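Chemist: below are the sequence and a predicted model for it; my questions follow.
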Amino acid sequence: MSIDGNREKVWIATLGGVTAMDLREPGRYKSLSQQSELGTGYIYKVFSTATHGCASVSVFPQPIDFMANSVFPYDQNYFIFNFTGLWYTDPESVRYRYRLEGLDPDWKVSKDHLASYPSLPPGDYTFRVQTSEHGNFENVPEASWSFTIRPPFWSQWWFVLLSMAAVAGLIYLFIRIREGRLQRVAQLKRERVESQFAALKSQINPHFLFNSFNTLITIIEENPKVAVEYVEHLSDFYRSIIAYRERDFITLQEEMELVRSFDFLLKKRYEDGFRLVDRLNGHAGLIMPLALQMLVENAVKHNVISASRPLTIEIFAENDNYVVVRNNIQPKIKPEPSTHFGLQSLVHRYRLLGERPVMVEDNAAFFTVKFRSAANPPKASGPATGMPQQLTIKHFCYESFDH
């Protein structure tokens with residue numbers, strides 16, 4: 001028992017706590033048991049001669065004002081709880097029992113006044129601590145503090161839905177691109193087969209064979225040795241057509257060998273009326289099979305050829321790997337029948353492959369076709385280095401151009 005300095009109150013210690021009696025009003029008293037005071041940074045309670053409470057909370061491992069903060073981001077998840085319990089009679093006998101609800105399945109009993117929880121997952125938690133001087137935690141006071149650790153943004157439902165939508169969009173885009181590529185490949189193969197069939201058909205049609213055999217008969221009578229050479233070139237010409245028909249691209253040198261064989265056959269037929277000028281000067285690259293041969297054949301088919309009006313076809317290279325085929329224009333009075341296939345097929349086939357245009361120009365004096373040779377075989381799946389993709393035609397010289 002204690003009397004304050006003013007002799008107005010008497011303090012009495014009991015097993016239930018501290019009782020204050022006002023001497024000015026006998027019969028009135030105030031029990032201080034179970035009275036709690038909350039201060040900044042700690043929870044403090046008075047029970048008899050013992051005190052206990054949560055003194056501080058640290059996060060990585062800086063102390064925080066846990067009375068003001070209770071929500072933390074996912075990366076602030078290392079908590080250290082510091083709690084204190086005093087029993088002045090026998091301080092060494094003080095025991096603590098604590099539990100973090102949301103993580104600990106059972107209570108933990110310890111003499112230490114620290115509890116640490118590293119790497120807490122996101123969730124809601126309540127830390128509870130009790131103290132006892134005799135090891136019996138029944139009906140003892142308790143301090144607690146609740147807090148929340150927010151989940152990271154990538155585990156939020158909206159982010160998961162957005163990610164799923166993005167993945168689904170990418171899969172859909174991949175499928176569309178793949179289907180488009182397969183369609184372009186199939187279309188390119190179909191165009192190639194049609195073009196090769198048309199080229200082969202044009203060379204074995206009765207009119208071409210009739211002219212070739214007539215030329216051969218004439219040469220046999222005049223010069224049997226040259227006739228043998230003519231047959232060899234005719235054989236090489238057909239052999240090359242058959243050999244190249246299964247290939248998507250051939251070298252410019254291989255194509256020129258085919259054109260030279262064709263040139264030999266034409267010169268034996270037209271003599272001084274036909275001139276082929278090769279000014280490639282060793283230019284190398286890859287082109288579609290029969291591209292140059294088809295352009296030479298079209299020029300022969302749709303122009304007048306005679307000694308007085310010779311047809312001159314030039315093949316040369318320009319900047320940026322362009323191959324150019326140019327002939328002077330002297331159209332026939334009666335145009336040859338046309339299927340309108342060959343030149344359009346060439347343009348369409350190149351449209352499936354690259355990025356540079358094929359240019360077909362007509363300036364009334366010369367008919368010119370330009371297309372780009374490739375350093376490496378391009379793919380039909382999209383733009384490729386060195387090969388045209390989008391093709392444009394500036395002017396057509398003849399409505400009757402076929403092959």
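Modeler: Nice, thanks for sending it over.
Chemist: so for the helix or strand containing residue 190, what's the average pLDDT?
Modeler: Take DSSP states H and E as the rule and residue 190 turns out to sit in helix 157-203. The average pLDDT for helix 157-203 rounds to 79.
Chemist: can you spell out which helices and strands pack onto it?
Modeler: helix 224-244, helix 291-301, helix 342-351 (3 or more CB pairs under 8 Å, 6 or more residues apart in numbering; DSSP states H and E). Bear in mind the C-beta positions are built from the backbone N, C-alpha and C, glycine included.
Chemist: C-terminal to it, what's the next element?
Modeler: Next element after helix 157-203 (DSSP H and E): helix 206-222.
Chemist: relative to helix 157-203, how tilted is that next one?
Modeler: 40 degrees (axes from the mean of the first three to the mean of the last three CA atoms, to 10 degrees).
Chemist: show me the contacts for residue 307.
Modeler: For residue 307, the contact set (CB atoms under 8 Å, 6 or more residues apart in numbering) comprises 271-273.
Chemist: as TSV, those residues with neighbour count and pLDDT would be great.
Modeler: As requested, those are exported to TSV (neighbours: other CB atoms under 10 Å; pLDDT from 0 to 100):
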residue	neighbour count	pLDDT
271	12	88
272	11	91
273	16	93
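Chemist: could you list the buried residues of stretch 313-327?
Modeler: By 16 or more other CB atoms under 10 Å, the buried positions in stretch 313-327 come out as 313-315, 317, 321-327.
Chemist: which of the residues you listed fall within helices?
Modeler: Among the buried residues of stretch 313-327, DSSP state H puts none in helices.
Chemist: just those residues: which are in strands?
Modeler: 313-315, 317, 322-327 (DSSP state E).
Chemist: what residues go with each domain of the chain?
Modeler: Here the chain is described, according to automatic domain parsing, as comprising the domains 34-155, 171-372.
Chemist: ok so, going back, please identify the most buried of the helices and strands packed on helix 157-203.
Modeler: Neighbour counts (mean count of other CB atoms under 10 Å) averaged over each of the helices and strands packed on helix 157-203 peak at helix 291-301, with a mean of 23.
Chemist: relative orientation of that helix and helix 206-222 in degrees?
Modeler: Using the same axes, to 10 degrees: helix 291-301 against helix 206-222 is 80 degrees.
Chemist: leaving out sequence neighbours, find the closest residue to residue 163.
Modeler: Among residues not flanking residue 163 along the chain, residue 154 sits closest, at 7.8 Å (CB to CB, 6 or more residues apart in numbering).
Chemist: rewinding a little: lowest pLDDT pick from the buried residues of stretch 313-327?
Modeler: For those, the pLDDT minimum is residue 321, 85.
Chemist: show the contacting residues for that residue.
Modeler: 283, 285, 372-375, 386.
Chemist: returning to that earlier point: so which of the buried residues of stretch 313-327 is the closest to residue 103?
Modeler: Proximity of the buried residues of stretch 313-327 to residue 103 was ranked by CB to CB; the top entry is residue 321 with 69.8 Å.
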